[in-house]
Every structure is written in C-alpha cells, then in structure tokens.
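With the input below, show me the fold.
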Amino acid sequence: MTETLRDWIEMRLRTELAPAHLDVIDESHLHAGHSGARPGGETHYRLDIVSAAFEGKSRVERHRIVNGLMDPAFARGLHALALRARTPAEAA
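Numbers count the residues shown, from 1 in each chain. Alright, predicted model coming up:
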C-alpha cells in the first residue's frame, strides 16, 4: 500500500459496501500519548457509513463486516475504529 491509510480505507469501503454516505475521519491526533498512537498518525479513525449492505444485519454483524474488511489496515498499523454503520432508511 503506497497511498495513505485513510485513502485505502475509503477505497476499500467504497468498493466492498457501495455506501450511499461515507466519512473517514483520522482522529489520531486526539490519541497522542495513548496506547497504539504513533508519530505520523493513521492509527485511530472514525467511520460513518450508510450502506444497503447493512440491511437485515444487527449492529454487531455490521461491525464485524467492517472490521473484517479492515484486517489489512490493522496489519498496517491501524489501532482503533469508532464506527457508525447505518442503512439508508436509518439515515433518512
């Protein structure tokens, strides 16, 4: 991966979940000095995803889907995700 982790996360989620809405926010600066933080950031992200792929899925199932898609990002140094995963009907 040569692009930023943020770019990779966005591309992966857009490709796999075709979201109607997606915010990928790097909050690493808020965690400086905490566990998992490192110079240069890209360790802590907040995601807000609206996707039809979440329909009929529980909150836990939605989080498992997203976390599973992020396995390569965790291997690259991602430490934590704050996640809001909704269906289009829930976002309306």
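
Excluding residues flanking it in the chain, which one is nearest E27?
Of all residues not flanking E27 in the chain, H44 sits nearest, at 4.9 Å (C-beta to C-beta, 6 or more residues apart in numbering). Bear in mind the C-beta positions are built from the backbone N, C-alpha and C, glycine included.

That neighbour and S28 touch, don't they?
Yes: the pair H44 and S28 passes the contact test of C-beta atoms under 8 Å, sitting 4.8 Å apart.

For the helix or strand bottoming out on mean pLDDT in the chain, which helices and strands make contact with it?
Least confident helix or strand of the chain, by mean pLDDT, DSSP states H and E, is helix 71-76 with a mean of 90. Helix 71-76 sits against helix 5-17, with contacts defined as 3 or more C-beta pairs under 8 Å, 6 or more residues apart in numbering; DSSP states H and E.

pLDDT (mean, whole number) over the helix it packs on?
Average pLDDT, helix 5-17: 96.

could you point out which element follows it?
Note on helix 5-17: by DSSP states H and E, the next helix or strand toward the C-terminus is strand 21-26.
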